[in-house]
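In: Okay, predicted coordinates and the sequence, questions at the end:
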Amino acid sequence: MVEERAYRNYLEILKRELVPALGCTEPICLAFAAAKSREILGQMPERVLAECSGNIIKNVKGAVVPNSGGMKGVEAAIAIGAVGGNAQKELEVVADIQPEQIAEAAALVKTCAFCEVKVLKSKAPLHVRITAFAGEHRAVVEIRDAHTNIVLLQKDEEILFCEQPKQEKVVEKASQEEMNVREILEFANTVKLEDVQEIIGRQIEYNEKIAEEGLQKEYGASVGANLLKYYGDDIKIRAKAYAAAGSDARMSGCLAPVVINSGSGNQGITVSLPVIQYAKHLQVSREKLIRALVLSNLIAIHEKMAVGRLSAYCGAVSAACGSGAAITYLHNGTYEQICATITNTLANVSGIICDGAKPSCAAKIASSVDAAILGHYLAMEQEQFNAGDGIVKEDVEQTISSVGILASQGMRETDEVILDIMVENTAKDLEEVLK
């Protein structure tokens, strides 16, 4: 049995990480901050200064802001949040936007004078500071480390809120750093169903719904639908197609919410939908599916703890490792086979870069899930890439740590180069969207 302290930690991690979000989380983070700034001012801002870390700019540039009429970019996210966002709804801040508010936001973006965007030099990959102005007043909203984690609220010279170091945050970080695959598997096997079935049940419901939406309508490049059309209806294809379809819809502005993982809707989609498809194919019990999804989600979170919430390393890879491990679990694989699945996946596709949130994420998800499925079948045949094969280490925990070093240290310059390439023609791209 998992110790009581560890049991509580894993439950708290699931509750904190597996929450609903409407739209790509980086644009939504900006819309939330803009809505909060309007709330503090008590009136509509006349102009906004948006200072964003490079990874925020990267992930906002190509994703459609939900309920915006198809607009993309920092300026669009700020405008839609400022005009009609409800800050009380946090990651669902734009759920109630009205048509006339979309038109108002679009007009503000077209002026090119409402929102000024600057790169925020920060050690935190996820860092936003919004300063909104109205008359002689200004409001400052600063968010860091997580998409709704407000660290500063200010009106004029009055500090309304400033986050102080908290012991609970130290405990939270330590609890995630102490995660390991063996204990995660033990927790998945022994957790009381009543403790997780609401969280996991919501993930199943929400994420299946957006996948169906992505398969039935044209979103992005329709990666999911085209996989089924040209590759057939085999379970290995369905697992990839449903995950890709969910991303097709999400990245192109679908209004359906998703239960996220590690702050990302695409990762929430990737950790869950392949597992759900395999569970249906194998006709396992609801309990077995729930336990498999507990495993999948926690393994993905464990890997992202090493990688970092935002980096040049594609999060679909760590999420796919989770779903691959869960597929092995559904086939009654051993701890050793689950570890082999993770190792085989990481040895294969750890080189996929993150060049922002956008429709092509669906293809990267399909590729990552494909690698995880291959990793699973190799593991079931007792095959595993050995220590010394590239970044593969002696055991799965060391390999996960190696990937973390690769992502957080080795890809720093890669991240900067990706951002430089992406923002080179930002003004031109925005002009095209607004024509």
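Out: Cool, got the structure.
In: Next, give phi and psi for residue 79.
Out: Main-chain torsions, residue 79, degrees, to the nearest 10: phi -60, psi -50.
In: Do you have the strands of the stretch 201-350 of the chain handy? List them.
Out: 258-259 (DSSP state E, counting those that start in this stretch).
In: For it, which segments count as helices?
Out: Under the criterion DSSP state H, counting those that start in this stretch, the stretch 201-350 of the chain contains helices at 223-231, 235-251, 265-282, 286-307, 315-330, 335-349.
In: just those: most buried one?
Out: Highest mean neighbour count of those: helix 315-330, a mean of 32 (counted as mean count of other CB atoms under 10 Å). Glycine gets a C-beta too; all of them are placed from N, C-alpha and C.
In: Run the angle between that one and helix 335-349 for me.
Out: Interaxial angle, helix 315-330 versus helix 335-349 (axes from the mean of the first three to the mean of the last three CA atoms, to 10 degrees): 150 degrees.
In: how about TSV for the helices of the stretch 201-350 of the chain, with distance to residue 43 added?
Out: As requested, the helices of the stretch 201-350 of the chain are exported to TSV (distance: least, CB to CB, whole Å):
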stretch	distance to residue 43
helix 223-231	43
helix 235-251	33
helix 265-282	32
helix 286-307	39
helix 315-330	38
helix 335-349	49
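In: what's the spacing between the nearest residue to residue 160 once chain neighbours are set aside and residue 41?
Out: Distances taken as CB to CB, 6 or more residues apart in numbering place residue 153 nearest to residue 160, at 4.1 Å, with adjacent residues excluded. Relative to residue 41, residue 153 is positioned 11 Å away (CB to CB, to the nearest Å).
In: what's the overlap in contacts for these two?
Out: Both residue 153 and residue 41 are in contact with residue 139, where contact means CB atoms under 8 Å, 6 or more residues apart in numbering.
In: could I get the helices of the stretch 201-350 of the chain as CSV with mean pLDDT and distance to residue 208?
Out: CSV is the format used below for the helices of the stretch 201-350 of the chain (pLDDT from 0 to 100; distance: least, CB to CB, whole Å):
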stretch, mean pLDDT, distance to residue 208
helix 223-231, 98, 13
helix 235-251, 98, 8
helix 265-282, 99, 6
helix 286-307, 97, 12
helix 315-330, 98, 14
helix 335-349, 99, 23
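In: Of all those, which one is nearest residue 4?
Out: Between residue 4 and the helices of the stretch 201-350 of the chain, the tightest spacing by CB to CB is seen for helix 286-307, at 17.2 Å.
In: ok now the closest one, how far from the chain's centre?
Out: With CA atoms, centre = their mean, to the nearest Å as the basis, helix 286-307 stands 14 Å off its chain's centre.
In: Kindly report the same for stretch 270-283.
Out: Relative to the centre of its chain, stretch 270-283 is centred 19 Å away, using CA atoms, centre = their mean.
In: what's in contact with it?
Out: With CB under 8 Å, 6+ apart as the test, stretch 270-283 has contacts from 203-204, 207-208, 211, 235, 238-240, 242-243, 246-247, 259, 261, 288-289, 292-293, 296-297, 300, 316, 319-320, 322-324, 326-327, 330-331, 365, 368-369, 372-373.
In: What's opposite residue 138 in the beta bridge?
Out: Beta-bridge partners recorded for residue 138 (DSSP bridges): residue 133.
In: okay, now it: neighbour count?
Out: As a burial measure, residue 138 scores 19 neighbours (other CB atoms under 10 Å).
In: try residue 416
Out: Count around residue 416 with other CB under 10 Å applied: 12.
In: what about it, helix or strand, and which?
Out: Here residue 416, judged by DSSP states H and E, is contained in helix 412-423.
In: list the helices and strands that helix packs on?
Out: helix 54-61 (3 or more CB pairs under 8 Å, 6 or more residues apart in numbering; DSSP states H and E).
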